[in-house]
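J.: How does the following fold in three dimensions:
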Amino acid sequence: MMLDRMEGNAELKSSVQLMLAARRLTHSVLLVGEEGLGAGFAARCIAADYLYPAGGAPAEALLRGECCRAVGKPGDRDSGHVETGIVREAISVAGMGAGGKYLVSQVKAMRSEIFNTSLSAEGRAVLLYHVEKMNEESANALLKVMEEPPEGVLFLLTADSLAGVLPTIRSRCVSFAVAPVSPEQCARYCAAQGVDKKTAALYSELFDGHIGTVLAAAQDEARTAQVEKALQLAKAAADRDSYAAACLLAAYEKDKAGAAALLTDFRTVAAAGLRQSPHAPVQGIAAQRALRLAEAAIQRLGAQVNPKIVLSVFAAKFRAL
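T.: Sure thing, here's the model as predicted:
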């Protein structure tokens, strides 16, 4: 089964596989896990096993995310439509508005598609990513179809946290937690996907077994460079070197998004130091203080404070770590 390709999470896999084998899978499944743990991949695996029990090319394409997609235009409730993908039996929906918020037009387009188009013998699967980003209007539009779904339709929802999902959505789903694997398991899996072994081991420690995050960071040159800068910044923190930190951060004084992204990876490295990862340059109490500094700076950037001021203050405080 495609779900066997998911690393770890034995309880989740066995429960879903038993329900699929007995044809007792509920029509709405919610997979909960932090970004990078693989909740989206798990959803695609379940959809593939549901639609194509024998596997094959369509199942592989679905795992790659090559399915139809519901899109729309911000501010236009009637602009939604479904873009045709290779896998016509599956429709994906993810936020498009500011901050990745769902548009009600997307949900309406998906709803219209599954009610008004004929089903194949396999049925249909609807993949809804990060439903914690749904507002009340888009959630209400989804509820209308979840309450009385067409026969043969399976809804697979993902969320970063259960608490972030509206109770009305949560109550209509059976929920499963997606757990991280050990850094060792993560490194083996990512190396098997073509990541350099040394990089796989380093990133698996830093990102604490978050397979999706490791793969994304290792397979994107810009993200790899950003992680390297975060490590350099962590070394400056360990050395209490405000000057080195200021020099590194100077390039981000007019790039708020870039600064926030770098500080997010720096926060990750500091958290790895708290876990006593040997790959983290900053350790112990210094790592704890660096983590707090990063969180405060990220919040200030989000509050529209001038990034040059935020970064200057952040670097200056390295002297007290």
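J.: Show me the strands in this protein, by range?
T.: 28-32, 67-73, 76-83, 87-93, 124-128, 153-159, 174-177 (DSSP state E).
J.: what's the third one packed up against?
T.: Using 3 or more C-beta pairs under 8 Å, 6 or more residues apart in numbering; DSSP states H and E as the contact criterion, the neighbours of strand 76-83 among helices and strands are strand 67-73, helix 104-116. Where you see a C-beta, it was placed from the backbone N, CA and C, and this is true even at glycine.
J.: Could you give the average pLDDT over that strand?
T.: Strand 76-83 comes out with an average pLDDT of 86.
J.: can you list the weak-confidence ranges in the protein?
T.: 97-98, 117-122 (pLDDT under 70).
J.: Just give me the residue closest to the centre of it.
T.: With distances taken as C-alpha atoms, centre = their mean, the chain has residue 35 as the residue nearest its mean C-alpha position (3.2 Å).
J.: measure residue 79 to residue 89 for me?
T.: With distances taken as C-beta to C-beta, to the nearest Å, residue 79 is found 24 Å from residue 89.
J.: Neighbour count for these two, which is higher?
T.: Per other C-beta atoms under 10 Å, whichever of residue 79 and residue 89 has more neighbours is residue 89, with 21 against 15.
J.: re the thing from before, now for the helices and strands packed on strand 76-83, which one comes closest to residue 312?
T.: strand 67-73 (39.5 Å; C-beta to C-beta).
J.: and that closest one, which residues are buried?
T.: If you call a residue buried by 16 or more other C-beta atoms under 10 Å, then strand 67-73 has these buried ones: 67-72.
J.: I'd like these written out as a markdown table, with distance to residue 53 added.
T.: A markdown table is the format used below for the buried residues of strand 67-73 (distance: C-beta to C-beta, whole Å):
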| residue | distance to residue 53 |
| --- | --- |
| 67 | 17 |
| 68 | 21 |
| 69 | 24 |
| 70 | 25 |
| 71 | 30 |
| 72 | 33 |
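J.: Who are the contact partners of the closest residue to residue 61 other than its chain neighbours?
T.: Once flanking residues are discounted, residue 61 sits nearest to residue 86: 4.8 Å by C-beta to C-beta, 6 or more residues apart in numbering. Residue 86 is in contact with 58, 61, 66-67, counting by C-beta atoms under 8 Å, 6 or more residues apart in numbering.
J.: can you rerun that using 10 Å?
T.: 57-58, 61-62, 64-68 (C-beta atoms under 10 Å, 6 or more residues apart in numbering).
J.: What about it? Give its phi and psi, please.
T.: phi -60, psi -40 (degrees, to the nearest 10).
J.: Quick check: it vs residue 59, distance?
T.: In terms of C-beta to C-beta, residue 86 sits 11 Å off from residue 59.
J.: how much space between the closest residue to residue 136 other than its chain neighbours and residue 174?
T.: Leaving out its chain neighbours, the residue that sits closest to residue 136 by C-beta to C-beta, 6+ apart is residue 166, at 7.1 Å. According to C-beta to C-beta, residue 166 and residue 174 sit 16 Å apart.
J.: And these two? Which one has more around it.
T.: Per other C-beta under 10 Å, whichever of residue 166 and residue 174 has more neighbours is residue 166, with 17 against 13.
J.: pretty sure the more buried one contacts residue 157?
T.: No: using C-beta atoms under 10 Å, residue 166 makes no contact with residue 157, being 11.0 Å away.
J.: Any chance you could list residues touching both of those two?
T.: Contact with both residue 166 and residue 157 is made by residues 131-132, 134, 142, according to C-beta under 10 Å, 6+ apart.
J.: Neighbour count and distance to residue 275 for these - can I get that in JSON lines?
T.: Formatted as JSON lines, the shared contacts of residue 166 and residue 157 follow (neighbours: other C-beta atoms under 10 Å; distance: C-beta to C-beta, whole Å):
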{"residue": "131", "neighbour count": "26", "distance to residue 275": "30"}
{"residue": "132", "neighbour count": "19", "distance to residue 275": "26"}
{"residue": "134", "neighbour count": "25", "distance to residue 275": "33"}
{"residue": "142", "neighbour count": "29", "distance to residue 275": "38"}
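J.: Identify the farthest-apart pair in these.
T.: Among the shared contacts of residue 166 and residue 157, 132 and 142 lie farthest apart (C-beta to C-beta), at 12.9 Å.
J.: Pull up the overlap in contacts between these two.
T.: 102, 157, 166, 169.
J.: how about the third one, what does it touch?
T.: This means residue 166. By C-beta under 10 Å, 6+ apart, residue 166 lies in contact with 131-132, 134-136, 138-140, 142-143.
J.: which one of these is nearest residue 241?
T.: Closest approach to residue 241 among those (C-beta to C-beta): residue 132, at 38.5 Å.
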